[in-house]
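K.L.:
Coordinates for the following, if possible.
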Amino acid sequence: MITCKARRLLERAECVLYDNLAAHSLLDLAPASAEKLYVGKKKSAHAFSQEEICAMLIERARAGRLVVRLKGGDPYLFGRGGEEAEALFDAGVPFEVVPGVTSALGVAAYSGIPLTHREHSSAVTFITGHDPEKIDWNRTTISETLVILMGLTTFDQVAQRLIASGRPPETPAVAVRWGTRPDQETLSGTLETLPGLIHERNMKPPATIIVGDVGQLRTKLAWYEKLPLFGRTVVVTRPREQASGITARLRDLGANALELPAIEIRPALDATALDHAIAELSAYDWLLFTSVNGVRFFLEALDRSGSDVRAIRGRICAIGPATRDALAAVHLKADLMGEEYVAESLLDAFATIDVSGSRMLLARAAEARDILPAGLTARGARVDVVEAYRTAAPDELPGHAAEMLDALTPSDWVTFTSSSTVRNLAGAAGISRLRRVRIATIGPVTSATARELGLSVTAEATTYTSEGVVAAIQGMA
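P.N.:
Sure thing, here's the model as predicted:
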């Protein structure tokens with residue numbers, strides 16, 4: 001969880017000092033040029049002392065840089081934010097504090113436990129379990145709900161002290177590890193039984209413990225763990241700049257969606273042919289677009305030229321809704337689109353249209369199937385196929401792929417949205433790693449490539465889009 005203001009500041013940051021419990025995905029919000037420095041603390045494993053952290057904040061701020069101190073949860077609730085703010089004040093460094101979503105609230109909501117409830121609790125106490133000896137447990141009896149942070153390893157002592165101070169042993173108690181994340185783990189018990197369950201499960205920090213009658217409401221209100229893809233890891237192999245949509249949808253369904261771009265979109269090695277086509281744009285009767293990237297690089301070439309969209313005289317054909325929407329974003333409407341989002345379907349769409357003598361421009365990837373241009377040429381059209389862009393395997397793919405795939409289980413998924421993503425990932429990680437997991441593809445062409453490489457396809461989209469891939473996985477859940 002992150003506030004809108006925190007996001008805006010991260011997007012402008014020149015330096016980010018981040019903690020162990022701050023989600024690493026948030027670092028992607030910061031500019032690539034920003035310094036990202038880990039200053040986290042685990043039990044008996046501190047990257048830097050608190051004094052060193054304060055000194056680094058002061059030094060970087062005095063150098064005129066926009067510094068973001070990224071903490072997990074809220075900086076003023078057991079986050080030592082107050083100490084760091086005091087240090088900045090004493091050093092004469094201006095600062096602001098952006099409230100966060102503390103785990104005490106976020107974890108409760110994601111585990112289905114309202115901390116207050118008209119029939120169960122009207123008072124909440126937040127407690128650090130770091131050192132049970134320092135807490136006056138008798139004072140906690142006035143609060144119906146207790147939220148204990150950093151108390152997993154000491155909960156045996158905490159539970160004993162709470163019972164000794166008057167709490168009934170049968171009081172509901174729930175421990176939640178990695179709350180709000182796809183690997184959230186929950187243990188429900190009582191003050192008497194939860195310590196044993198923690199040891200039996202060998203639950204490790206970080207965890208939040210909630211004690212009180214509100215814990216029993218979890219049986220009704222635990223919504224997050226009921227999401228259809230909760231507990232499943234799904235690897236997305238789309239290009240990084242195009243992965244956000246499918247990744248967000250998978251996370252909405254509870255999946256641990258990991259981005260592993262197996263393909264990179266790069267400019268054409270030689271844009272001369274595309275530039276010449278743009279110069280003759282008014283001569284084309286049809287513009288054919290078979291991908292969002294084709295639209296993107298066509299428009300970039302148009303911007304480089306002395307012309308603009310007014311030079312387009314011909315009709316426009318788009319392979320599917322994503323390509324159609326990319327055109328619509330620049331106020332160009334597709335005149336023709338196939339029922340299915342493959343080249344064969346586009347040929348079918350042209351079946352009732354006389355293309356004899358028509359001049360067509362197909363701006364596409366350097367390597368692509370020739371079914372569409374060959375079919376249209378056979379019907380009498382003149383098709384100019386020009387390289388608008390090319391695809392390649394990212395340089396860092398081999399190392400990242402092996403590490404990520406080795407961590408998957410047989411119930412996890414790898415998604416493929418093109419034949420190139422299959423070939424590139426198989427070449428980088430090896431077929432054996434991909435045989436251990438479930439595979440979902442965007443359609444029959446991609447499935448055929450996977451099978452040619454000796455892979456089994458568990459799910460194939462019936463609608464050949466990213467949304468179709470997600471639906472195919474959900475259908476197997």
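K.L.:
Now do the strands in the stretch 101-250 of the chain.
P.N.:
Per DSSP state E, counting those that start in this stretch, the stretch 101-250 of the chain carries strands over the ranges 124-128, 145-149, 172-177, 185-190, 207-211, 233-236.
K.L.:
What would the second one look like as CSV? C-alpha coordinates only.
P.N.:
Extracted C-alpha coordinates of strand 145-149, given in CSV (Å, rounded to 0.1, in the frame of the first residue of the first chain):
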residue,chain,number,x,y,z
THR,A,145,-8.2,-5.4,20.3
LEU,A,146,-4.5,-5.7,20.5
VAL,A,147,-2.2,-5.4,17.4
ILE,A,148,1.3,-6.7,18.2
LEU,A,149,4.1,-5.8,15.7
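K.L.:
Contacts for it, please.
P.N.:
With Cβ atoms under 8 Å, 6 or more residues apart in numbering as the test, strand 145-149 has contacts from 78, 103-104, 108, 115-116, 120-121, 123-129, 140, 155, 158, 162, 208-214. C-beta: built from backbone N, CA, C; applies to glycine.
K.L.:
Adding mean neighbour count and mean pLDDT, write the strands of the stretch 101-250 of the chain out as a markdown table.
P.N.:
Converted to a markdown table, the strands of the stretch 101-250 of the chain look like this (neighbours: other Cβ atoms under 10 Å; pLDDT from 0 to 100):
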| stretch | mean neighbour count | mean pLDDT |
| --- | --- | --- |
| strand 124-128 | 18 | 94 |
| strand 145-149 | 25 | 96 |
| strand 172-177 | 25 | 97 |
| strand 185-190 | 19 | 96 |
| strand 207-211 | 26 | 96 |
| strand 233-236 | 26 | 96 |
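K.L.:
Run a quick neighbour tally on E467.
P.N.:
For E467, the neighbour count with other Cβ atoms under 10 Å is 15.
K.L.:
for it, helix, strand, or coil?
P.N.:
helix (DSSP: H, G, I helix; E, B strand; the rest coil).
K.L.:
Isn't it up against D252?
P.N.:
No: assessed by Cβ atoms under 8 Å, E467 is found out of contact with D252, at 11.8 Å.
K.L.:
Confirm that V16 sits in a helix.
P.N.:
No: read with three-state DSSP, V16 is strand and lies in no helix.
K.L.:
quick one: pLDDT of it?
P.N.:
Predicted confidence (pLDDT) for V16: 97.
K.L.:
Downstream of the longest strand seen in the chain, the next helix or strand is which one?
P.N.:
Of all segments of type strand in the chain, defined using DSSP state E, the longest is strand 382-392. Proceeding N to C from strand 382-392, the next assigned helix or strand is helix 397-406, under DSSP states H and E.
K.L.:
average pLDDT across that next one?
P.N.:
90.
K.L.:
Give the buried residues for that helix.
P.N.:
L397, P398, H400, A401, M404, L405 (16 or more other Cβ atoms under 10 Å).
K.L.:
Mind checking what helix or strand follows that helix in sequence?
P.N.:
Assigned by DSSP H and E, the successor of helix 397-406 is strand 413-416.
K.L.:
gap between that next one and the chain center?
P.N.:
14 Å (Cα atoms, centre = their mean, to the nearest Å).
K.L.:
ok, and for it, which residues are buried?
P.N.:
W413, V414, T415, F416.
K.L.:
what's near enough to touch the first one?
P.N.:
If a contact means Cβ under 8 Å, 6+ apart, then W413 has R232, T233, V234, V235, V437, R438, I439, A440, T458, I473 as its contacts.
K.L.:
Now do the longest strand of the chain: which elements does it pack against?
P.N.:
strand 264-267, helix 272-279, helix 292-304, strand 359-365, helix 371-378 (3 or more Cβ pairs under 8 Å, 6 or more residues apart in numbering; DSSP states H and E).
K.L.:
ranking those by burial, who's on top?
P.N.:
Among those, strand 359-365 has the highest mean neighbour count (mean count of other Cβ atoms under 10 Å), at a mean of 22.
K.L.:
what's that strand packed up against?
P.N.:
Secondary elements touching strand 359-365 (3+ Cβ pairs under 8 Å, 6+ apart): helix 272-279, strand 286-289, helix 292-304, helix 371-378, strand 382-392.
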